[in-house]
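> Quick one: sequence plus predicted model below, questions after.
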Amino acid sequence: MNKVYNNRAWFLILPMLLLVAFSAIIPLMTVVNYSVQDVFDANTRFFTGTEWFEVMLNDSALQAALLRQFAFSFTILAIEVPLGIGIALLMPKRGWQASAVLILITLPLLIPWNVVGSIWQLFTRGDIGLMGVGIRELGYAYNITRNPADAWATIILMDVWHWTPLIALLCYSGLRSIPDAYYQAARIDRASKWAVFRYIQLPKLTNVLVIGVLLRFMHSFMIYAEPFVLTGGGPGSSTTFLSQSLTTMAIGQQDLGPSAAFSLIYFLIILLVCWVFYTAIMNSQKDKTTQGGA
Amino acid sequence: MAQITLKALAHSYSPNPSGPEDYAIREMEHVWHQGGAYALLGPSGCGKSTLLNIISGLLTPSDGQVLFDDQVMNELAPEERNIAQVFQFPVVYDTMTVYDNLAFPLRNVGTSEAKVRERVAEVADVLELTSLLKRKARNLTADEKQKVSMGRGLVRDDVAAILFDEPLTVIDPQLKWKLRRKLKEIHERFNITMIYVTHDQLEASTFADKIAVMYEGQVVQFGTPRELFEVPAHTFVGYFIGSPGMNLVEVVRTEKGVRAGTVDLVLAPPLLNAIHQSRSRNIKLGIRPEFVKVLAEPGEGTYPVEIDNVQDLGTYRIVSFEFAGVPFRARLEEDQRLPERKAYIRFPEAWLSLYIDEFRVEVGQ
């Protein structure tokens, strides 16, 4: 075999490298640059090493925000995933009803984040909001600006309303791709409805669900506009999530070094969680020769 | 374990069928006896899968009844009919092991684990799946998956029947033969009624004791492979069974006799009478290539033909020629002498079939 070695071929990846440099490497490196320095003005700066990282990791306000962030992300996933699957299972399969339901379900996805926040802000107001007034009429002193539990419940409800359709749409497409023969075989095998779901539908949904869960986790972990508009992070700091803490620090206080260090930690957490989740799912699909059987 | 009876059964996919061509299954009566090995043979689109799905209950027929023994099954769902069906493409439960797949139909009705273990072991042994039992079903090859699909049908020993819908389509030719033998073996061992849908006559005749040939939504003949070959009840059976198929020639009545194209035929009186008594314009005579006599010299009742082509297939030869304007074939054994170009053919009376409106008419000798 005549294999020609020509290292000039490496030049072919230059355009791609350039593109990636501008889209990712240079911005990210700027952040890295800030995270290891203390910048006073254009000419005065000190190298601080890992100091900002240590400060950020030990900051109790940020630790609390991180915990809240995890609590929020896992709560909405725990609600949206089963709910999305449920809705997808109930959606009509054919005819004009299918199209009508699809459009209705998709509507919330088309609304911009801060508009969603505004809608819910108005919706939940105790004086004019339909939901706010309605709940008060029922005898519960609903108030998202005073009661942290109310604020939490409302933010979660808002996110569920906004994003469950995404999971439902993904699952709907996944369900449509299951050939009829599977359902026929299950009927012949006298499988119960639950068994059909557990052994046919759910396995076939694994792939779309992995995408759905990853997207929803990343999205919700970075949530900013909606709670910012709805509650402003309050009452107190009960609904202040990571991105809002970061914005306050970087824009409000111009603490570039700490914010940069914090951004990197933020980024690495998302990366780590996604990687662990993905790896765990993919491993669970492999053959375990030590398990099951006669 | 049951006898399956189809009573005045018909099915149409359109809600208001206007004519026979709207029916996937035209009205039919049929009985599948308990314990038989049957094949349902026909070209694609003839309604054989539809018929199978009606028997298993996946489809509800628009007319008529399906009976298991004496019980009408029309209203019962497949789950309630206790019937097994294997589909053309393998269906396995991906996340389960092979063992759990095979155990699934039994566990669904609450069979004890001891019984499950025993049945699964037996079926796995027959299908040579024992070494795969602990593997996840998703990682199997296509033919292993199909064996698992079949196994799920076979594992239930109390079923009314097992229906196979072209189950060997995805299997390698070599394994195909082996699996067909396996099915036959299983049939003999468990004495379960099996109905096997296929479009392959070889597959049908190696598996089944009796074959139902379907054509345009109806069973045109139901008989042993030998009967299908020797006395095809319909021109389609003649054409579809055998390789090459039956020679068919259209004939018209003349003043005194019968003519095919430009050739006046010499026919025995009973045959001649039958043709003259019928009022139909659609009259055909058929004879299998195996029974056409090819001679070098003219004789009584021979017709001269010019040989176009001879195909040597080892132990026999296929001779092609034109007779009465239609292509004809005759099969010659290896040792038979072949006339050069000009030959004389003769149609032995016993093997000549008369078809009026495509169906065979029995002629007393």
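Okay, I see it.
> In this structure residue B:76 contacts residue B:57, no?
Yes - under the criterion of CB atoms under 8 Å, residue B:76 makes contact with residue B:57 at 6.2 Å. Where C-beta positions appear, they are placed from N, C-alpha and C, glycine not excepted.
> Which one of the two is surrounded by more residues?
Neighbours were counted for residue B:76 and for residue B:57 using other CB atoms under 10 Å in any protein chain shown; residue B:57 has more, 21 against 16.
> So what does the more buried one look like in phi/psi?
The phi/psi pair for residue B:57 (degrees, to the nearest 10) reads phi 100, psi 0.
> Over to residue A:282?
Per degrees, to the nearest 10, the backbone of residue A:282 is at phi -70, psi -40.
> separation between it and residue A:276?
As for residue A:282, its distance to residue A:276 is 11 Å (criterion: CB to CB, to the nearest Å).
> Spell out which residues belonging to chain B are near chain A, please.
B:56-58, B:77-79, B:83-85, B:87-89, B:91, B:93-100, B:104-105, B:108-109, B:117, B:120-121, B:133-136, B:138-139, B:149, B:152-153 (CB under 8 Å from any CB of the partner chain).
> Tell me which of those residues fall in helices.
Judged by DSSP state H, helices contain the following of the residues of chain B next to chain A: B:56, B:78-79, B:98-100, B:104-105, B:117, B:120-121, B:149, B:152-153.
> quick one: which of the residues you listed is most hemmed in?
residue B:98 (30 neighbours).
> can you pull out the strands in chain A?
Assigned strands in chain A, in chain order: A:37-39, A:45-47 (criterion: DSSP state E).
> before we move on, what about the stretch 201-350 of chain B?
For the stretch 201-350 of chain B, the strands defined by DSSP state E, counting those that start in this stretch cover B:210-215, B:218-223, B:247-250, B:252-253, B:258-260, B:263-265, B:283-287, B:293-295, B:302-312, B:316-323, B:326-333, B:342-346.
> If you count contacts, what does the fourth one end up packed against?
I take that to be strand B:252-253. Here strand B:252-253 touches strand B:258-260, going by 3 or more CB pairs under 8 Å, 6 or more residues apart in numbering or on different chains; DSSP states H and E.
> name the helices or strands packed onto the strand it packs on?
Helices and strands touching strand B:258-260, by 3+ CB pairs under 8 Å, 6+ apart, are strand B:252-253, strand B:263-265.
> With mean pLDDT and mean neighbour count as extra columns, can I get the ones you listed in a markdown table?
A markdown table is the format used below for these (pLDDT from 0 to 100; neighbours: other CB atoms under 10 Å in any protein chain shown):
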| stretch | mean pLDDT | mean neighbour count |
| --- | --- | --- |
| strand B:252-253 | 84 | 12 |
| strand B:263-265 | 82 | 17 |
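> Tell me which residues touch residue 170, please.
All of this refers to chain A. A:84, A:88, A:208, A:209, A:211, A:212 (CB atoms under 8 Å, 6 or more residues apart in numbering or on different chains).
> Correction: the question concerned chain B.
Taking CB under 8 Å, 6+ apart as the test, what residue B:170 contacts is B:88, B:89, B:90, B:142, B:143, B:146.
> So residue A:114 versus residue A:215, what's the distance?
Applying CB to CB, the value for residue A:114 to residue A:215 is 20 Å.
> again with residue B:321
72 Å.
> Give me the more crowded residue out of the two.
Comparing residue B:321 with residue A:215 by other CB under 10 Å, the one with more neighbours is residue B:321, at 19 against 15.
> related to what we said a few turns ago, columns distance to residue A:263 on top of the helices and strands packed on strand B:258-260, output as a markdown table?
Shown next, in a markdown table, are the helices and strands packed on strand B:258-260 (distance: least, CB to CB, whole Å):
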| stretch | distance to residue A:263 |
| --- | --- |
| strand B:252-253 | 94 |
| strand B:263-265 | 96 |
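> give me the low-pLDDT residue ranges for the chain?
Assuming you mean chain A. Within chain A, the stretches with pLDDT under 70 are A:1, A:287-294.
> hmm, I had chain B in mind actually
For chain B, counting by pLDDT under 70, the residues that fall below are B:1, B:364-365.
> and the residue of it nearest chain A?
residue B:134 (3.6 Å; CB to the nearest CB).
> Quick check: residues of the stretch 1-150 of chain A near chain B?
Close to chain B, as judged by CB under 8 Å from any CB, the stretch 1-150 of chain A has no residues.
> Show me the helices in the stretch 1-150 of chain A, by range?
A:14-20, A:26-35, A:51-58, A:60-90, A:96-106, A:113-123, A:130-137, A:148-176 (DSSP state H, counting those that start in this stretch).
> mind checking which of the ones you listed is nearest residue B:224?
Closest approach to residue B:224 among these (CB to CB): helix A:148-176, 45.5 Å.
> re the thing from before, dump the ones in helices among the residues of chain B next to chain A into a markdown table; add distance to residue B:229 as well.
Shown next, in a markdown table, are these (distance: CB to CB, whole Å):
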| residue | distance to residue B:229 |
| --- | --- |
| B:56 | 30 |
| B:78 | 35 |
| B:79 | 40 |
| B:98 | 40 |
| B:99 | 44 |
| B:100 | 45 |
| B:104 | 41 |
| B:105 | 38 |
| B:117 | 45 |
| B:120 | 40 |
| B:121 | 41 |
| B:149 | 32 |
| B:152 | 35 |
| B:153 | 30 |
